[in-house]
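> Give me coordinates for this.
(2 chains)
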Amino acid sequence: MTFSLTLSASDLLLLLPELFLTAWLCVVLIVDFSFKRIVQEQVAYLTVLGLTITLACLAWFDITGITGTLFGKMFVLDRLAIFFKVMILLATILVVLLSIDYVHRFSFFRGEYYFLVAMSALGMMFMVSANDLLSLFVTLEFATFGFYVLVSYLRDDMASNEAGLKFFILGVFAAGLLAYGISLVFGETGKLVFSEMSGAAPTTGLVIGFLLIFAALGFKIGAVPFHSWIPDTYQGAPTPVTAFLSIAPKVAAFAILLRLFLVALATFKPAWALLIVAASILSMTYGNIVAISQRNIKRLLAYSGIAQIGNVLIGLAAGTKMGTDSILFYLLTYLFANLGAFAVIMAISNAVGSDEIEDYSGLNRRSPFLAFAMLLFLLSLAGVPPLAGFIGKLYIFVAAIKEGLYTLITVGLINIVISMYYYLIVVKRMYISEPLDSSPIKTTGPLRAVIYVGLAGTLVIGIYPQPFLDWAVAATLMFSNFVAPSASIIPPPVTPFGG
Amino acid sequence: MAEYTLLIILFAPFAGALALIFVSNRQLSLVRGIAAGSAFVSLIASIYLFYSYDPLKGGFQFIQRIEWSRQLGISLHLGVDGIGTPLVLASSILLFAGIFVSWHIKDRIKEFYIWILILAAATIGVFMSLDLFFLYFFYEMSVIPMYLLLGMWGSHTKKYLEMTDPEGLKQRDSVGFIFNFGANSKEYAAMKLVLFLSAFAVVALMGILLIYKFSGLNTFDILVLREQAHFSGPLATVIWLLIFFGFASIAPIWPLHSWSPVGHAAAPAATSMLHAGVLMKLGHFSIIRVAFELLPETTREFMPIAAVLCIFSIIYGGLVAYYAKDTKYVIGYSSSSHMGYVFLGMAALDYISLSGAVIYMFAHAMATGMLFAMAGWVYDQTHTRDIPSLGGLSNRMPFISAAFVIACMASIGMPGTVNFIAEVMIIVGSWNKYPFQVVVAVLGIVLTMAYLFKMMRGLFYGSMAEKYSHSHDAVTVIDRLPLLIMITVSISFGIFPGHLYSVVRSGVDPLIARITKVVPIAEHPMNSPHGASPAVPLATSREAIVKVTPR
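From the prediction side, this is the model:
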């Protein structure tokens, strides 16, 4: 193994978004330190500006079709990576806008908050480009460090500290699993790059190694049985951080899962498909059933998030090109609906000072706009037409039925009905119950902007999904080479990976 | 312009709902104007559609096809045949009438009109979808507005669910009892409705997904699937059962009906009208459109299921309606009882009976629409729906009581109303195949008379309690207009059913020909001018006999 570390100008071009963002973040930090008079809003908008320029740069890459690999294939910039980076940047921009009102609650380090958010985004941008096990480990930890700090940012709040501690301990545990898994896989195959691993002979060490890596990534996406940190962390963390946590790391981890399962392990699909099916069924069922009894909206969305991830895993279990398309598309619809819902939660929490579902009573009378927005976001999460979530769910089901995953689809369909119940409980509070306090709720500009973006995304994708579907399909073209394993390489069913 | 008729009918209510979002609740007349205007556009377009649909040509007309997703093989494919056309007309009539029925709503009227417009538009969308995806899309879209309409503007059902018979014994809605737990709130009714409908909608969705997979055509287009997809064996059975029970729950067939009367009782008047008038017909229509069109052989084999269940629907619904004391509960159960007739007409798989079933759907929409509108009026005036405590209202509301009598007559199926024609066609058409069911159905008509007369007497005749002496009749044009429209439609089609019959027949004929595989349609005994027609007075109309070349 030799690493070529000579970089030409064209190589640097591939890294341009990350390099630019790094430089911009330094500028943000310096500006924040040097000008005593600067207020946190200005830092926020400066961060948004940098993120938007990066987003524009990536859009330019996507249009012109600039792709390539760097550092001996450690870093890859393909259309898949671009798709995920765009999603992460979009989520980050919305989260920064969400945070502006909330950051007043922090007694100090207000400016650094934005730096940390954007730094996590930078880590996740590297993460979706990770193409071998080493860069996987480094980027995944890089992306998570920012979150450890962010989750416990409310320094004087016990819940936030508890959330941070839980997240940290389980995160570090996951990191340990990941490192161990990587070492096993490397020991067995002698390879680090995903695409070079694809023909490896199945051995026990390799199986255990990959299981450990899957477990570590399972922590990141919050699939059952690796979900235990999610509810407390979501509830305790500052709400904008919860919003960020609920979408960006999951999106990034899915990029890795796709590369890992559909590139490195493409030939063992029958074996790992069972694993994914099990995780998917457990996540959907557990998430939805436990969500029913929640009284706190952040916890409700935490459990609903677990269930949503179960839905996304259906697409992975299908393991086809169409399955990956549907995952990308679903995550996009989930991004808009989820961040929109968190924006409404922020607006209400700023006015009422609580996240209890009971305090949503009569929201329709207090703020028809917020109630209507929340209604659409929740219905999109539930998968009701004509909203984006419905198309996302249907796309995943269609991808899965083509592979004949009937049990999985049946469970998924039943879960739609279960989820309908608890989303409608919130709707009932907002629309049917009488308000406890009838003073109108005001929404500030940045929050309103996020809600508008969420509504636009939810409705436009729901009513006219074709461009977004095309984009997702174009982003996953690389997988058409890897999936569709020929029958001869499928290992015997009894000991799938041999001895 | 003419080729865009369907798009106008479908999108006028949506456009109205969209426009209402930007209007303040305080501009009352503007809110009402937009709602009524968009419903009116939709109504005019569907009247045009109904009269310009060419029954001699038959098949799907006014077709619109807009590519929607290449990857999934979905297009917004709209078109109506002889079955969809009258139902689209019924939906837009009921929407228009419903706007006026709810004219005096005080609380959040803008939101009310938004949701009712979306509900009606979604229903209309189902009736014109030629794509399985969009059929499901609009079907599922009609559920959530129901939740909000029931929850926000509905009324609690209180003790009304506990029915007592004359001896004071408690009669429980047997299946309902399992799910009731004594909950009588409107929230409960709304949630039950949504969960029932969603649960069975996903059953139907599973059927649709199986059709999509096993046709191997990568399309949801009903016309393409009808030509090219063939299902047989256990697979066809599974798909058929999923589709049938998935959609029959909204119809609602016994024993999946318990959400429906509770929903009716809790809903505001205009919502009950749309719910009973057209929403329930989505079930029958979707079964016809999906199961009959795509799985003709299996339909022939399994449709007897409906023939068995429809007896329970008719008798059970009728008995509960007889003992119920809440006006809306009576009408709600009468609706679910009457839907049994539609199932009987469908189960016989006969030209006359299926045509009768489709006309019955149209006729029932008008009759039950009137009944719910007037039950709503009486409730608004007296604030109770408890029949025993009411009485003698005909002195205070002569117009309403007269209209109520007409509506009851229509509902019973008195000659002169379109219901009569439909009932006779169902009974005559299914006599050959299901004589026992026909006897039950005729008994059901007697039962209908019993409970409707009982309710009529209880509301409008006898002595009136003093506290209701301030109740008002419908005097203004706005208040009378919806009833007059529905009465006019019901009676005029009862006297001149020619066009309605020929339109329906042009849709039914190719369908039944496919299912029964009777090739020479013109020589079919039912279809010859001297065959079954003497029993069916309207069939003698020359233009009614449509020659259709079977595929």
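> need the contact list for A:D232.
A:D232 is in contact with A:E162, A:A163, A:K166, counting by Cβ atoms under 8 Å, 6 or more residues apart in numbering or on different chains. Glycine gets a C-beta too; all of them are placed from N, C-alpha and C.
> ugh, typo on my part, it should be A:G310
If a contact means Cβ under 8 Å, 6+ apart, then A:G310 has A:A223, A:V224, A:A279, A:S280, A:I281, A:L282, A:S283, A:M284, A:T285, A:G287, A:G412, A:N415 as its contacts.
> Pull out the buried positions in whichever strand or helix holds it.
Here A:G310 sits within helix A:297-318, counting by DSSP states H and E. Within helix A:297-318, the residues that qualify as buried are A:297-318, counting by 16 or more other Cβ atoms under 10 Å in any protein chain shown.
> what ranges of the chain fall below the confidence cut-off?
Using chain A. Low-confidence segments of chain A, defined by pLDDT under 70: A:1-7, A:481-499.
> should've been chain B
For chain B, the stretches with pLDDT under 70 are B:1, B:157-184, B:518-551.
> and it, which residues reach chain A?
Where chain B comes near chain A, counting by Cβ under 8 Å from any Cβ of the partner chain, the residues are B:67-72, B:108, B:111, B:133, B:136-138, B:140-141, B:143-144, B:147-148, B:151-152, B:186-187, B:190-191, B:194-195, B:198-199, B:202-203, B:205-206, B:209-210, B:212-213.
> Could you pick out the buried ones from the residues you listed?
Buried members of the residues of chain B next to chain A, scored by 16+ other Cβ under 10 Å, are B:68-69, B:71-72, B:108, B:111, B:133, B:136-138, B:140-141, B:143-144, B:147-148, B:151-152, B:186-187, B:190-191, B:194-195, B:198-199, B:202-203, B:205-206, B:209-210, B:212-213.
> Grab the nearest non-local neighbour of residue 389.
Answering for chain A, as no chain was given. On the basis of Cβ to Cβ, 6 or more residues apart in numbering or on different chains, the spatially nearest residue to A:G389 that is not a chain neighbour turns out to be A:S380, at 3.8 Å.
> should've been chain B
Spatial nearest neighbour of B:S389, excluding adjacent residues (Cβ to Cβ, 6+ apart): B:A465 at 6.8 Å.
> and what of A:G50?
On the basis of Cβ to Cβ, 6+ apart, the spatially nearest residue to A:G50 that is not a chain neighbour turns out to be A:W24, at 3.6 Å.
> thought that neighbour was touching A:V48?
No: taking Cβ atoms under 8 Å as the contact criterion, A:W24 and A:V48 are not neighbours in contact, 10.8 Å apart.
> Please report the number of neighbouring residues for the closest residue to A:F75 other than its chain neighbours.
Spatial nearest neighbour of A:F75, excluding adjacent residues (Cβ to Cβ, 6+ apart): A:S129 at 5.1 Å. Taking other Cβ atoms under 10 Å in any protein chain shown as the criterion, the count of residues near A:S129 is 27.
> where does the residue located most distally from the centre of chain A fall, helix, sheet strand or coil?
Checked against the mean C-alpha position of chain A, the extreme residue using Cα atoms, centre = their mean is A:S438, at a distance of 36.1 Å. With DSSP: H, G, I helix; E, B strand; the rest coil as the basis, the three-state label of A:S438 is coil.
> quick one, phi/psi of it?
Recorded main-chain torsions at A:S438 are phi -100, psi 10, according to degrees, to the nearest 10.
> How about the one 4 residues further on?
Taking degrees, to the nearest 10, you get phi -100, psi 140 for the backbone angles of A:K442.
> show me what contacts it?
Contacts here follow Cβ under 8 Å, 6+ apart; on that basis A:K442 touches A:A351.
> quick one: it and A:L370, what's the gap?
With the distance defined as Cβ to Cβ, to the nearest Å, A:K442 ends up 10 Å from A:L370.
> try A:A200
In this view, A:A200 and A:L370 are 53 Å apart by Cβ to Cβ.
> now do B:A357
Separation of B:A357 from A:L370 (Cβ to Cβ): 46 Å.
> Neighbour count: these two, which is higher?
Per other Cβ under 10 Å, whichever of B:A357 and A:L370 has more neighbours is B:A357, with 29 against 26.
> Tell me where the stretch 301-450 of chain B has helices.
Taking DSSP state H, counting those that start in this stretch as the criterion, the stretch 301-450 of chain B carries its helices at B:304-323, B:327-347, B:351-382, B:398-412, B:418-431, B:435-460.
> what would these look like in TSV with distance to B:V101?
Listed next are the helices of the stretch 301-450 of chain B as TSV, based on distance: least, Cβ to Cβ, whole Å:
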stretch	distance to B:V101
helix B:304-323	22
helix B:327-347	14
helix B:351-382	5
helix B:398-412	12
helix B:418-431	20
helix B:435-460	17
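> quick one, which of those helices is nearest to B:F50?
Taking Cβ to Cβ as the criterion, helix B:351-382 is the member of the helices of the stretch 301-450 of chain B that comes nearest to B:F50, at 10.2 Å.
> list the helices and strands that closest one packs on?
With contacts taken as 3 or more Cβ pairs under 8 Å, 6 or more residues apart in numbering or on different chains; DSSP states H and E, helix B:351-382 sits against helix B:84-101, helix B:269-274, helix B:281-286, helix B:327-347, helix B:398-412, helix B:418-431, helix B:477-495, helix B:498-516.
> Quick one: distance of the last one to the chain centre.
What separates the centre of helix B:498-516 from the centre of its chain is 19 Å, taken as Cα atoms, centre = their mean, to the nearest Å.
> Then stretch A:197-207?
28 Å.
> Show me which residues of that stretch are buried.
Taking 16+ other Cβ under 10 Å as the basis for neighbour counts, the residues of stretch A:197-207 that come out buried are A:M197, A:S198, A:A200, A:P202, A:T203, A:L206, A:V207.
> Now intersect the residues you listed with the helices, please.
For these, membership in helices holds for A:M197, A:L206, A:V207, with DSSP state H as the criterion.
> what about stretch B:54-63, distance to the chain center?
Here the centre of mass of C-alpha atoms in stretch B:54-63, compared against the chain's by Cα atoms, centre = their mean, lies 23 Å away.
> just stretch A:77-96 next, same as before
10 Å.
> can you check stretch A:399-409 too?
Taking the mean C-alpha point of stretch A:399-409 and that of its whole chain, the gap between them comes to 24 Å (Cα atoms, centre = their mean).
> Same question for it: list its buried residues.
Burial within stretch A:399-409, assessed by neighbour count using 16+ other Cβ under 10 Å, is assigned to A:A399, A:A400, A:I401, A:K402, A:E403, A:L405, A:L408, A:I409.
> ranges for the helices of the stretch 101-250 of chain B?
Assigned helices in the stretch 101-250 of chain B, in chain order: B:109-128, B:132-141, B:143-153, B:174-180, B:186-215, B:222-228, B:233-248 (criterion: DSSP H, counting those that start in this stretch).
> mind giving me a markdown table with those helices and columns for distance to B:I83?
Formatted as a markdown table, the entries for the helices of the stretch 101-250 of chain B read as follows, by distance: least, Cβ to Cβ, whole Å:
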| stretch | distance to B:I83 |
| --- | --- |
| helix B:109-128 | 8 |
| helix B:132-141 | 13 |
| helix B:143-153 | 22 |
| helix B:174-180 | 30 |
| helix B:186-215 | 18 |
| helix B:222-228 | 13 |
| helix B:233-248 | 14 |
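> Count the neighbours of residue 153 for me.
Using chain A. Other residues near A:Y153 number 22, with proximity taken as other Cβ under 10 Å.
> should've been chain B
25.
> That one and B:I109 touch, don't they?
No: with contacts counted by Cβ under 8 Å, B:W153 stays clear of B:I109, the gap being 9.3 Å.
> The lengthiest strand in chain B packs against which elements?
For chain B, the longest strand by residue count, based on DSSP state E, is strand B:61-69. Contacting strand B:61-69 under the criterion 3+ Cβ pairs under 8 Å, 6+ apart are the following elements: helix A:466-475, helix B:5-21, strand B:74-80.
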